[in-house]
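Trainee: A predicted structure for the sequence below; I have some questions about it.
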Amino acid sequence: MPNMRNILVLTGAGISAESGVATFRGPGGLWEGHRVEDVCTPEALARDPALVHRFYDLRRTALAGVMPNAAHRALARLDAAWPGGLLIVTQNVDDLHERAGARRLLHMHGELLSALCAACGVREPWGDALPPQSECPNCGMLALRPDIVFFGEMPYQMERIEAALAEADLFVSIGTSGAVYPAAGFVRLARHHGADTLEMNLEPSEGSHWFAETRRGPAGRLVPDWVE
Ligand code: BJW
């Protein structure tokens, strides 16, 4: 990677697929036959909180049975070794990047292992002490919900991400369909600021044509090949 200083890596559900975590769209996608766009909303949480909590409880439990794969490990090695700027922005709510050892990481769509108080906005580790029926440890309200960015809500750390996109020499997208904004627009923003762009995905995404280079295949093979 000659002359590259600052790298921004965006990851999506495809990077965790080989660990056994289901993706959202396509065959075998999540939500028991529901389209994620129909149920992953604040309105769905208000209408049927039991369904939404059950879904996230199951996902949280399933997380204990999965492990980081070769792609997560390769990005963690890059993180440890890369002397320039690096930011891994994941849309995933699993903790497989951090379990693989990634440090320069942020979760733009929230985290399964975190709770958000809808009343005061505090974020707390989910833990056994924080089922949905518990009071918020900060404000005492019964308003804890999964710390997940639903459709119509603002993803986390957008200012920091946009600053990193403006500084990036290379933007790399791994395992995302490019169906969900604002993440789907990052490639255009990075290009606008002069970054080189690389997509690694099993199949063409909705934004493939925006990338200078595209590599097709499983992340567990492509990402280690790219990092080494
Ligand atoms: C492999 C592989 C292997 C498989 N190796 N690859 C009209 C136009 C534009 C925007 C909008 C619009 N109407 C509404 C909007 C906004 C909306 C949106 O984008 N809607 C679209 C449906 C159009 N977005 C929002 O509401 C967002 N907020 C927002 O916009 O706020 C306003 C704002 C304004 C200005 C600036 C900033 C913000 C919030 C979006 C929240 C998304 N939340 C979810 C749920 C998270 C929790 C959970 O896990 O339950 O996030 S939805 C779901 O989709 C999840 C994912 O992070 C996200 C993206 O999915 P991802 O990761 O791409 O997965 P898949 O399944 O789609 O794709 C997997 C890919 O991997 C595939 O391509 C496979 O081929 C590939 N693959 N195996 C490599 N082994």
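Mentor: Cool, the structure landed.

Trainee: What residues of stretch 173-183 count as buried?
Mentor: When neighbours are counted by 16 or more other C-beta atoms under 10 Å, the buried residues of stretch 173-183 are found to be 173, 174, 175, 176, 177, 178, 180, 183. (C-beta placed from N, C-alpha, C; glycine too.)

Trainee: helices or strands next to the longest helix anywhere in the chain in the packing?
Mentor: The helix of greatest length in the chain, counted in residues with DSSP state H as the criterion, is given as helix 49-63. Helix 49-63 makes packing contacts with helix 36-39, helix 42-47, strand 110-117, strand 144-148 when contacts are defined by 3 or more C-beta pairs under 8 Å, 6 or more residues apart in numbering; DSSP states H and E.

Trainee: Farthest-apart pair in the buried residues of stretch 173-183, please.
Mentor: Checked with C-beta to C-beta, these reach their widest spread between 174 and 180, with 14.9 Å between them.

Trainee: still on that earlier bit, I'd like the helices and strands packed on helix 49-63 as a markdown table, with mean pLDDT and mean neighbour count appended.
Mentor: Rendered in a markdown table, the data for the helices and strands packed on helix 49-63 read as follows (pLDDT from 0 to 100; neighbours: other C-beta atoms under 10 Å):
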| stretch | mean pLDDT | mean neighbour count |
| --- | --- | --- |
| helix 36-39 | 69 | 15 |
| helix 42-47 | 89 | 14 |
| strand 110-117 | 96 | 20 |
| strand 144-148 | 94 | 21 |
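
Trainee: These into CSV, with extra columns for distance to the ligand?
Mentor: Converted to CSV, the helices and strands packed on helix 49-63 look like this (distance: least, C-beta to the nearest ligand atom, whole Å):
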stretch, distance to the ligand
helix 36-39, 5
helix 42-47, 10
strand 110-117, 6
strand 144-148, 4
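
Trainee: Near the ligand, which residues of this structure are found?
Mentor: For the chain, the residues found near the ligand under the criterion C-beta under 6 Å from any ligand atom are 12-14, 17-18, 23-25, 36-37, 40, 91, 93, 109, 148-149, 151-155, 158, 175-177, 179-182, 201-203, 205, 218-219.

Trainee: Tell me the pLDDT of the residue positioned nearest the centre of the chain.
Mentor: Among the residues of the chain, residue 91 comes closest to the average C-alpha position under C-alpha atoms, centre = their mean, at 1.7 Å. Confidence per residue is given as pLDDT, and for residue 91 that number is 98.

Trainee: give me phi/psi at it?
Mentor: Residue 91 has phi and psi values of phi -90, psi -10 when expressed as degrees, to the nearest 10.

Trainee: quick one: contacts for it?
Mentor: 10, 11, 12, 13, 108, 109, 176, 180, 183 (C-beta atoms under 8 Å, 6 or more residues apart in numbering).

Trainee: ok, now how distant is residue 126 from the ligand?
Mentor: 14 Å (C-beta to the nearest ligand atom, to the nearest Å).

Trainee: Export the longest helix of the chain to CSV, keeping only CA atoms.
Mentor: Output of helix 49-63 as CSV, limited to C-alpha atoms (Å, rounded to 0.1, in the frame of the first residue of the first chain):
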residue,chain,number,x,y,z
PRO,A,49,-41.7,-4.3,22.8
ALA,A,50,-41.8,-8.0,23.7
LEU,A,51,-41.1,-9.1,20.1
VAL,A,52,-38.2,-6.6,19.8
HIS,A,53,-36.7,-7.6,23.1
ARG,A,54,-37.1,-11.3,22.4
PHE,A,55,-35.3,-10.8,19.1
TYR,A,56,-32.3,-9.0,20.7
ASP,A,57,-32.2,-11.4,23.7
LEU,A,58,-31.8,-14.3,21.2
ARG,A,59,-29.1,-12.5,19.3
ARG,A,60,-27.3,-11.6,22.5
THR,A,61,-27.4,-15.2,23.6
ALA,A,62,-26.2,-16.4,20.2
LEU,A,63,-23.2,-14.1,20.4
